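In: Quick one: sequence plus predicted model below, questions after.
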Amino acid sequence: MALPHIIILGAGLGGTIAAYEIRDAVKGKAQVTVVNDQEDYWFVPSNPWVAVRWREPDAIRVHLPPIMARKGIGFTAVGAKRVHPAENRVELGDGTSLSYDYLVIATGPDLAFDEIEGFGPEGFTQSICRTDHASRAAESFEKLCANPGPIVVGAAQGASCYGPAYEFALILDTELKRRKIRDRVPMTFVTAEPYIGHLGLDGVGDTKTLLESELRERSIRWITNARVARVEAGQMQVEEVAEDGSVKKTHDLPFGFAMLLPAFRGVPAVRGIEGLTNPRGFILADKHQRNPAFPNVYSLGVCVAIPPVGPTPVPVGVPKTGFMIESMVTAVAANIKAELDGKEPDEEATWNAFCLADFGDGGVAFVAQPQIPPRNLNWSSSGKWVHLAKIGFEKYFLHKVRRGTSEPFYEKLALHALGIRKLRFK
């Protein structure tokens, strides 16, 4: 009799560690297969460094097939064309199909550059969402340094990932100062957030003050409640929206280099499947990470549907930080194991947030427990230690992926940041 088949869709931060943790949890009671659209894992949190050449792409790359083989995990890089949950089947990019008993969707997002005219790497702005994008951004940044001019950085309407936007703006400031050309590069931070430091979370601790202070001290002006109308070569039109939704002011921003994070949506393989996704294509999940319509389908990471923390003049999404993703992985692994043992799933992800935003010469860190307010813990801090912690974080996590270990990491890192040993994030 064949063993139950667990398919994990995606091999990013969440999917890769899910493969390891689920494989360890089921211990020979099921076969595990990872379906991805490429053979390599990229450590996305280091992409801002790649975009200023503080890191080379190969330094944050892990080739997955030999590691998966060593762990006894099936792996294919042909990608998924369409999920057919009513048939327990994943249609692959090469026209073949794989059947499953359990499906774990960890695809990450589709990047919705096409929702704004002239936006994205195929238009006139750069991206740090993927490592190949960040590598192209590095080439564009070198051209800017050879011929200094204005920079526009931030996050467009509907974005749900704001920490890297602040991080990259302040990394650019640091690098431009090192090259002694900062005085020739005016910078504007453009964001859909209602205020600086909102982060899609209605702030964490004193992130409003901390990040406003950083931008002010570095002479970076900002526009909040911003909606990008369109982008042309060297010019961005941004609408500043009032509380009632009307256009308060229009800004025509010239730029020699621009990088704005886009809105996310579900990937084409799942988008538009009734009962599985919301209108944006994000996976619907209950408190056990199971889909209500298809209970043998689990999901984790950026692809999971989470409602915003509250209404804002411009749409603002909720981030899914690595800490939250790791807790989702643990919950999914435990719940699938329970089902294989004939029990009901009862594990819930903690949904806490921990973020390190490195600026090259310092940084800001925050911990939110839980991620959505009101919170039991609401902490933020800044200092040079954040930069050192980010370096250590990168080194450890890449080591974890290369070893194929399922050892939890984010909670330990958060506890060290807080200087607390007895606190449990449950």
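Out: Done, it's in. Numbers count the residues shown, from 1 in each chain.
In: contacts and neighbour counts: CA atoms only from here.
Out: Noted.
In: quick one, helices of the stretch 301-426 of the chain?
Out: 322-340, 384-403, 410-418 (DSSP state H, counting those that start in this stretch).
In: Same check on the chain?
Out: In the chain, helices defined by DSSP state H lie at 13-26, 47-50, 65-70, 131-146, 163-178, 207-217, 322-340, 384-403, 410-418, listed in chain order.
In: List the residues that contact residue 359.
Out: 167-168, 170-171, 174, 387 (Cα atoms under 8 Å, 6 or more residues apart in numbering).
In: separation between residue 163 and residue 128?
Out: Distance of residue 163 to residue 128, given as Cα to Cα, to the nearest Å: 12 Å.
In: quick one, which of those two is more surrounded?
Out: residue 128 (27 against 22; other Cα atoms under 10 Å).
In: can you put the contacts of residue 359 in CSV and add neighbour count and distance to residue 323?
Out: CSV is the format used below for the contacts of residue 359 (neighbours: other Cα atoms under 10 Å; distance: Cα to Cα, whole Å):
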residue, neighbour count, distance to residue 323
167, 21, 18
168, 25, 20
170, 25, 23
171, 24, 23
174, 18, 27
387, 21, 18
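In: Just give me the closest of the residues you listed to residue 213.
Out: The closest of the contacts of residue 359 to residue 213 turns out to be residue 170 (Cα to Cα; 11.8 Å).
In: Now that closest one: closest residue in space, sequence neighbours ignored.
Out: residue 359 (5.1 Å; Cα to Cα, 6 or more residues apart in numbering).
In: From residue 161, how far out is that neighbour?
Out: Using Cα to Cα, residue 359 is found at 17 Å from residue 161.
In: what does residue 82 give?
Out: 26 Å.
In: These two: which has the busier surroundings?
Out: Legend: neighbour count by other Cα under 10 Å for residue 82 and residue 161, higher for residue 161 (23 against 18).
In: Let me see the backbone angles for the more buried one.
Out: phi -140, psi 100 (degrees, to the nearest 10).
In: ok, it - contacts?
Out: Taking Cα under 8 Å, 6+ apart as the test, what residue 161 contacts is 155, 199-200, 261, 317-320.
In: which one of these sits closest to residue 19?
Out: Using Cα to Cα, the contacts of residue 161 come closest to residue 19 at residue 320, 18.8 Å.
In: On the pLDDT front, check residue 381 for me.
Out: With respect to pLDDT, residue 381 has a value of 89.
In: How many neighbouring residues does it have?
Out: 18.
In: ok, it to residue 354 distance?
Out: Residue 381 is 12 Å from residue 354, by Cα to Cα.
In: Residues that sit against both of those two, list them.
Out: In contact with both residue 381 and residue 354: 365-366, using Cα under 8 Å, 6+ apart.
In: Please read off the pLDDT at the closest residue to residue 38 other than its chain neighbours from the model.
Out: Distances taken as Cα to Cα, 6+ apart put residue 77 closest to residue 38, at 4.7 Å, once the chain neighbours are dropped. pLDDT, residue 77: 98.
In: Surely residue 77 is in contact with residue 41?
Out: No - counting by Cα atoms under 8 Å, residue 77 does not reach residue 41; the two are 11.3 Å apart.
In: who touches the residue nearest to residue 38 in this structure?
Out: 35-39.
In: starting at the chain centroid, how far to stretch 46-61?
Out: Its chain's average C-alpha position is 16 Å from that of stretch 46-61, according to Cα atoms, centre = their mean, to the nearest Å.
In: Now do it: distance from first to last residue.
Out: Taking Cα to Cα as the criterion, the two ends of stretch 46-61 lie 10 Å apart.
In: What segments of the stretch 51-200 of the chain are strands?
Out: 61-63, 74-76, 80-84, 89-92, 97-99, 102-105, 110-111, 151-155, 187-191 (DSSP state E, counting those that start in this stretch).
In: Roughly how far does residue 204 sit from residue 366?
Out: In terms of Cα to Cα, residue 204 sits 7 Å off from residue 366.
In: which residues are in contact with both of those two?
Out: 378-380.
In: lowest-pLDDT helix or strand in this protein?
Out: helix 410-418 (a mean of 55; mean pLDDT, DSSP states H and E).
In: now the contacts of residue 77: which count as buried?
Out: 35-37, 39 (16 or more other Cα atoms under 10 Å).
In: Determine which two of those are furthest apart.
Out: Every pair of those checked by Cα to Cα; the farthest is 35 and 39, at 9.7 Å.
In: what residues are shared contacts of those two?
Out: With Cα under 8 Å, 6+ apart as the test, residue 35 and residue 39 both reach 76-77.
In: List the contacts of the nearest residue to residue 18 once chain neighbours are set aside.
Out: Using Cα to Cα, 6+ apart and skipping the chain neighbours, the partner closest in space to residue 18 is residue 329 (5.3 Å). Contact analysis of residue 329 by Cα under 8 Å, 6+ apart lists 14, 17-18, 21, 300, 349.
In: low-confidence ranges in the stretch 301-426 of the chain?
Out: Low-confidence segments of the stretch 301-426 of the chain (pLDDT under 70): 408-426.
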